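[1] coords below, sequence missing:
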């Protein structure tokens, strides 16, 4: 009996030793394709056939940029490992001419330049992982961690982090789709090169066509720049100063900067500007040499913490190129609210809420919502005015109490609809709202 037990124990130990041996690779081997192992990632890529998966089996150092050839499709499985690009390399880690997918929740760093350059005709999908760079190069694209060229396709999925210390995280001239990933840059105009010229970049720049779906974009010099076409479906877009005391004053400019005849559709998102940019969270500008204002900026929803518009006073109406059909604003959006909507100060923070109204509610009058589960309803009253004054008084009466509400507006010439919403009215109470007139102070 004892002999049988001992034999069984030896068998288990032998199996465990075999399993351990199968996981061990020779010293210096960093990647494998199926059972074939390679001492450099470059050698693995050169040996790869279309459809192959290169699996990292150890950390690796890259000393020359690696081409993913045109006509080949491959997957790089990081397997939790790290690829470090040696500082002597003055190019990005990967030049992607073919079709490349990166997975395996690893990390790629480049201390002298960026990580990916997706060339014309190439495609890149980043499924997970962290990608960091700290290089800068003057000219188009700078030292962005992820650089894409016209005619390329790039997808960055949820959970990915892309960071750059000195330049931008993403510079895209191709088609790019960004999920709920984090794009972060600490670039700002306080950095100087050896000639005392400024080193700075927006965190993310879209010059081709881009879709951002819940993306976090945070920079100092600026969050998101659009000079092409972009659709923003949620996320946060922020210009925020460092708090480590590395410089004095504010270096933070714009949450979203639009120029170069761009088209931007904002379906949702939170936008925050910085003090260095005059607290513009969204700026449509032609201040840069040779640039023109964005042509079409449509806002359907979102939260806008700061100013929205153009800095130049002579561009306050049509030249803004901005139309709002919804959203919450800390600054009065009256100049660019669509005529089918109303803009009102309705919340406790004094923010302006743009409310789209149905076709039946486009005329002046009172409109009520259905009574809700809490036995209350909301009521909106619209008033058409020929000129928006600086100040308007609304008288609200519930049959027992009467109260006046005074709201300040931006002065606008032309027929416009103003309104007031009263919320949480008990279902057995009738409320009347009257506009008592306005005052124009200049």
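    Noted; the coordinates are in hand. Computed from a predicted structure; not experimentally measured.
[2] Could I get the pLDDT score of residue 182?
    On pLDDT, residue 182 comes in at 98.
[3] typo on my end, it should be residue 345
    55.
[4] Show me the strands in the stretch 101-250 of the chain, by range?
    Here the stretch 101-250 of the chain has its strands, by DSSP state E, counting those that start in this stretch, at 107-110, 116-118, 123-126, 130-133, 146-148, 153-156, 161-164, 170-172, 175-178, 182-185, 204-206, 209-219, 222-226, 229-239.
[5] what are the pairing partners of the fifth one, and which direction each?
    Take DSSP bridges as the rule and strand 146-148 pairs in its sheet with strand 116-118 (parallel), strand 170-172 (parallel).
[6] roughly how far out does the first one sit from the chain middle?
    Spelled out, it's strand 116-118. The chain centre lies 19 Å from the centre of strand 116-118; the measure is C-alpha atoms, centre = their mean, to the nearest Å.
[7] Direction included, what does the one helix or strand residue 95 maps to pair against?
    Residue 95 belongs to strand 94-96 when assigned by DSSP states H and E. Its sheet considered, strand 94-96 pairs with strand 66-68 (parallel), strand 116-118 (parallel) by DSSP bridges.
[8] Tell me which residues touch residue 298, please.
    264-266, 322-323, 325 (C-beta atoms under 8 Å, 6 or more residues apart in numbering). For glycine as for every other residue, the C-beta is placed from the backbone atoms N, C-alpha and C.
[9] Show the pLDDT at it.
    So residue 298 comes in at 93 (pLDDT).
[10] which residues does it bridge with?
    Going by DSSP bridges, residue 298 forms beta bridges with residue 265, residue 323.
[11] Kindly tell me how buried residue 48 is, as a neighbour count.
    When counting by other C-beta atoms under 10 Å, one arrives at 22 neighbours for residue 48.
[12] Identify the residue nearest it in space, chain neighbours excluded?
    residue 74 (5.0 Å; C-beta to C-beta, 6 or more residues apart in numbering).
[13] For the one you found, name its beta-bridge partners.
    residue 100.
[14] on that earlier part again, let's have the strands of the stretch 101-250 of the chain in CSV, adding distance to residue 36 and mean neighbour count.
    Formatted as CSV, the strands of the stretch 101-250 of the chain follow (distance: least, C-beta to C-beta, whole Å; neighbours: other C-beta atoms under 10 Å):
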stretch, distance to residue 36, mean neighbour count
strand 107-110, 23, 22
strand 116-118, 25, 27
strand 123-126, 24, 22
strand 130-133, 27, 23
strand 146-148, 30, 30
strand 153-156, 29, 22
strand 161-164, 31, 24
strand 170-172, 34, 28
strand 175-178, 34, 23
strand 182-185, 35, 24
strand 204-206, 39, 29
strand 209-219, 38, 23
strand 222-226, 43, 30
strand 229-239, 42, 23
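[15] Now distance to residue 409 too, for those strands, in TSV please.
    Conversion of the strands of the stretch 101-250 of the chain to TSV gives the following (distance: least, C-beta to C-beta, whole Å):
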stretch	distance to residue 409
strand 107-110	51
strand 116-118	47
strand 123-126	46
strand 130-133	47
strand 146-148	43
strand 153-156	41
strand 161-164	42
strand 170-172	39
strand 175-178	37
strand 182-185	37
strand 204-206	34
strand 209-219	32
strand 222-226	29
strand 229-239	27
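[16] one step back: and of the strands paired with strand 94-96, who's closest to residue 176?
    strand 116-118 (8.9 Å; C-beta to C-beta).
[17] To residue 96, which of the strands paired with strand 146-148 lies closest?
    Closest approach to residue 96 among the strands paired with strand 146-148 (C-beta to C-beta): strand 116-118, 4.6 Å.
[18] which outside residues touch that closest one?
    Contacts of strand 116-118 (C-beta under 8 Å, 6+ apart): 91-96, 124, 126, 131, 145-149, 152-154, 174.
[19] wait, the residue nearest to residue 48 sits on residue 100?
    Yes - counting by C-beta atoms under 8 Å, residue 100 is a contact partner of residue 74 at 6.2 Å.
[20] Identify the contacts common to the two.
    By C-beta under 8 Å, 6+ apart, residue 74 and residue 100 have these common neighbours: residue 68.
[21] picking up where we left off before, of all the strands of the stretch 101-250 of the chain, which one is nearest residue 54?
    Evaluated with C-beta to C-beta, the strands of the stretch 101-250 of the chain place strand 107-110 nearest to residue 54, the distance being 13.3 Å.
[22] what about residue 274, neighbour count?
    Neighbour count of residue 274, defined by other C-beta under 10 Å: 26.
[23] again, but for residue 188
    Using other C-beta under 10 Å, residue 188 has 26 neighbouring residues.
[24] show me where pLDDT drops low in the stretch 101-250 of the chain?
    137-141, 192-199, 248 (pLDDT under 70).
[25] returning to what we had before: residue 74 and residue 100: which has the busier surroundings?
    residue 100 (23 against 20).
[26] Now stretch 376-391: buried residues?
    For stretch 376-391, burial by neighbour count (16 or more other C-beta atoms under 10 Å) applies to 377-383, 385, 388-389.
[27] want to throw those into CSV with secondary structure?
    Listed next are the buried residues of stretch 376-391 as CSV, based on DSSP: H, G, I helix; E, B strand; the rest coil:
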residue, secondary structure
377, strand
378, strand
379, strand
380, strand
381, strand
382, strand
383, strand
385, strand
388, strand
389, coil
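[28] Kindly reformat those as JSON lines and extend each row with distance to residue 405 and pLDDT.
    Converted to JSON lines, the buried residues of stretch 376-391 look like this (distance: C-beta to C-beta, whole Å; pLDDT from 0 to 100):
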{"residue": "377", "distance to residue 405": "19", "pLDDT": "78"}
{"residue": "378", "distance to residue 405": "15", "pLDDT": "77"}
{"residue": "379", "distance to residue 405": "14", "pLDDT": "81"}
{"residue": "380", "distance to residue 405": "14", "pLDDT": "79"}
{"residue": "381", "distance to residue 405": "12", "pLDDT": "84"}
{"residue": "382", "distance to residue 405": "15", "pLDDT": "81"}
{"residue": "383", "distance to residue 405": "13", "pLDDT": "83"}
{"residue": "385", "distance to residue 405": "16", "pLDDT": "81"}
{"residue": "388", "distance to residue 405": "16", "pLDDT": "75"}
{"residue": "389", "distance to residue 405": "15", "pLDDT": "75"}
